[in-house]
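Trainee: Here is the input, now give the coordinates:
(one chain, ligands or ions: 3)
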Amino acid sequence: MFTTTQWSTLSAQAQAALLMRPAIADNETLSEQVCDIISQVRDKGDETLLALTKKFDGIALSELTVSQQQVKQAVASLSESRLAALEKAYSQIKSFHQAQTLQEISVETSPGVVCQLKSEAIDSVGLYIPAGTAPLPSTVLMLGVPAQIANCRRRVLVSPPDSAGNIAPEVLAAAKLCGIEEIYAVGGAQAIAALALGTDSIAPVNKVFGPGNSYVTEAKKQLSQQVPGFAIDMPAGPSEVLVLADETANAQFVAADLLSQAEHGSDSQVVLVATNNQIIEQVQAATLAQLSQLSRKEIAKASLTHARFILVDSIEEAVEVSNQYAPEHLIVQTQSPRDLVGKLRNAGSIFLGKYTPESAGDYASGTNHVLPTYGYSKVVSSLSLADFSRRYTVQEISQQGLAALAPCLIELTDAEGLDAHQRAVTIRLDGQED
Ligand SMILES: NC(=O)c1ccc[n+]([C@@H]2O[C@H](COP(=O)([O-])OP(=O)(O)OC[C@H]3O[C@@H](n4cnc5c(N)ncnc54)[C@H](O)[C@@H]3O)[C@@H](O)[C@H]2O)c1
Ligand SMILES: N[C@H](CO)Cc1c[nH]c[nH+]1
Ligand SMILES: [Zn+2]
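Mentor: Ligands and ions are numbered 1, 2, ... in the order given. Next comes the predicted model:
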């Protein structure tokens with residue numbers, strides 16, 4: 001089922017082709033489909049949301065809003081151990097995100113010239129929780145905790161209902177922990193369109209967060225380009241993991257890590273880059289053996305059709321491949337994984353050593369699991385507290401401060417030929433108020 005490719009035998013073009021993401025292949029059709037969904041939501045609002053929920057989620061709802069009574073019942077239906085696990089994850093994530101609180105800055109850049117950097121919570125945020133193939137309460141915590149710490153006034157959760165019309169009780173319980181009270185049972189591109197454009201039931205928000213399948217990701221992209229003042233977090237699409245291994249790696253652990261992301265969706269991609277062919281063969285065998293025991297084996301199997309097994313000549317070459325691929329998650333199972341940290345430039349989140357499975361970061365180590373995919377980890381950061389606020393500057397200049405800065409301002413306004421800018425400075429220099 002698997003093939004192994006030796007990196008150094010490929011041309012640069014073949015190397016780039018080998019590292020292509022699967023979900024990008026059919027981009028044009030996807031873009032048209034999502035464009036069509038957005039215009040339907042624009043034209044018919046809630047009517048479209050209900051119709052598409054029937055079409056894609058298989059349930060004819062009469063109401064999109066999830067009531068607090070439903071939330072209460074959902075929480076009551078969960079076992080104590082389930083609730084305790086959610087609370088433990090909540091507190092781990094809170095601990096790491098609380099520590100990210102930005103310090104305000106105030107600098108007197110020259111005497112009498114004071115510049116400040118301040119931040120303000122984004123007023124209204126939409127939190128998308130995927131649930132097409134598996135409801136993800138962990139994602140509620142990853143989005144809801146920083147939104148709560150940042151103190152965003154309006155926090156709106158959307159998630160597709162199951163075929164009985166419900167959102168998973170764990171998702172609702174996690175929302176309660178994060179103090180989220182506005183919840184709608186709608187998913188896919190149509191949910192993102194509702195959050196960006198607004199409908200009768202869903203008021204628009206300023207920014208949408210959250211991962212999702214290709215439809216969700218494409219909708220976020222299109223709407224952020226179309227709707228002025230509407231922002232998105234990042235392109236967080238189908239999950240990816242790259243494992244970098246040397247001969248000391250544990251093949252069973254590596255196989256388990258690859259499968260943990262392959263089971264997310266048929267468009268997820270898993271990559272093994274190893275310095276040792278024997279490890280690759282062992283991982284391939286272990287992957288097949290473990291695959292057969294999974295409840296989501298069909299999904300994982302489909303994802304494994306675009307798995308990549310790459311043999312490299314050295315750790316340095318492995319680092320180059322990883323930097324070129326720029327994975328969402330990067331697991332390092334080598335003799336001295338910590339030594340590679342500064343060299344591994346492009347990854348959403350790095351997991352060092354044998355005992356750091358990606359699953360820990362997915363749920364409860366404390367780091368955020370919403371991470372850039374499609375190679376965007378070259379330029380986009382992992383989700384953090386800062387994404388839920390905006391930074392702005394304040395400045396205040398005394399009369400003496402302006403007098404001292406004026407020669408610089410006059411020279412530069414001259415250089416740009418902007419007289420009115422210059423006058424706004426010189427008019428103040430004689431100290432006359434009128
Ligand atoms: N990058 C990250 O940080 C991260 C985190 C968690 C999950 N993920 C990814 O999120 C994704 C979740 O995907 P999912 O499908 O399970 O849930 P989802 O909620 O993202 O998508 C389900 C919705 O997609 C829409 N849809 C399905 N088929 C469609 C079609 N043919 N046309 C138009 N719309 C359609 C439906 O409205 C459905 O409700 C996975 O790919 C997973 O890898 C990524
Ligand atoms: N691996 C996903 C991010 O790509 C996050 C997740 C949620 N639940 C399990 N895993
Ligand atoms: Zn995962």
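Trainee: The stretch 151-300 of the chain against ligand 2: which residues are in contact?
Mentor: 239, 261, 264 (C-beta under 6 Å from any ligand atom). (Each C-beta comes from the backbone N, C-alpha and C, glycine too.)
Trainee: please redo it, this time with the cut-off set to 8 Å
Mentor: Within the stretch 151-300 of the chain, the positions adjacent to ligand 2 are 211, 236, 239-241, 260-261, 264 by C-beta under 8 Å from any ligand atom.
Trainee: need the longest helix for this protein.
Mentor: helix 27-57 (DSSP state H).
Trainee: what residues are up against the residue of the stretch 151-300 of the chain found nearest ligand 1?
Mentor: Proximity to ligand 1, evaluated over the stretch 151-300 of the chain using C-beta to the nearest ligand atom, is greatest for residue 188 at 2.2 Å. Going by C-beta atoms under 8 Å, 6 or more residues apart in numbering, residue 188 touches 37, 52, 56-57, 132, 160, 212-213, 215-216, 219.
Trainee: And these, which is closest to residue 356?
Mentor: residue 212 (26.1 Å; C-beta to C-beta).
Trainee: neighbours around the nearest residue to the closest one once chain neighbours are set aside, how many?
Mentor: Using C-beta to C-beta, 6 or more residues apart in numbering and skipping the chain neighbours, the partner closest in space to residue 212 is residue 130 (5.0 Å). Using other C-beta atoms under 10 Å, residue 130 is surrounded by 21 other residues.
Trainee: so residue 130 makes contact with residue 136?
Mentor: Yes: at 5.3 Å, residue 130 counts as touching residue 136 under the criterion of C-beta atoms under 8 Å.
Trainee: outside of stretch 334-349, which residues touch it?
Mentor: Contacts of stretch 334-349 (C-beta under 8 Å, 6+ apart): 242, 244-246, 248-249, 315, 319, 322-323, 325-330, 332, 350, 352-353, 361, 367-369, 371-373, 375, 377-378, 382.
Trainee: so how far is it off the chain centroid?
Mentor: Averaging C-alpha positions (C-alpha atoms, centre = their mean, to the nearest Å) puts stretch 334-349 20 Å from its chain's average.
Trainee: Next: stretch 175-184.
Mentor: 19 Å.
Trainee: Check which residues of it are buried.
Mentor: Going by neighbour count (16 or more other C-beta atoms under 10 Å), the buried part of stretch 175-184 is 175-178, 180, 182-184.
Trainee: Which of these fall in strands?
Mentor: Judged by DSSP state E, the buried residues of stretch 175-184 include 182-184 as members of strands.
Trainee: Just name the closest of these to ligand 2, please.
Mentor: residue 183 (18.8 Å).
Trainee: Quick check: the closest residue to the closest one other than its chain neighbours vs residue 104, distance?
Mentor: The shortest distance from residue 183 to any non-neighbouring residue, by C-beta to C-beta, 6+ apart, is to residue 66 (4.0 Å). Using C-beta to C-beta, to the nearest Å, residue 66 is found at 37 Å from residue 104.
Trainee: Then residue 242?
Mentor: 38 Å.
Trainee: any low-confidence regions in the stretch 1-150 of the chain?
Mentor: 23-26 (pLDDT under 70).
Trainee: Quick check: residues of it near ligand 1?
Mentor: 33-34, 37, 52-53, 56-57, 128-134, 136, 139, 142.
Trainee: Just the buried ones from these?
Mentor: 33-34, 37, 52-53, 56-57, 128-132, 136, 139, 142.
Trainee: thinking again about what came up before, and the buried residues of stretch 175-184, which two are furthest apart?
Mentor: 177 and 184 (18.6 Å).
Trainee: Okay, helices next: where are they in the stretch 201-350 of the chain?
Mentor: 214-226, 251-262, 277-291, 297-304, 315-325 (DSSP state H, counting those that start in this stretch).
Trainee: counting contacts, what elements does the last one pack onto?
Mentor: Using 3 or more C-beta pairs under 8 Å, 6 or more residues apart in numbering; DSSP states H and E as the contact definition, the elements that helix 315-325 packs against are helix 12-18, strand 240-245, strand 269-274.
Trainee: Likewise for the fourth one?
Mentor: With contacts defined as 3+ C-beta pairs under 8 Å, 6+ apart, helix 297-304 has these neighbours: helix 251-262, strand 269-274, helix 277-291.
Trainee: Tell me, what's the model's pLDDT at residue 434?
Mentor: In this model, residue 434 is scored at 56, pLDDT.
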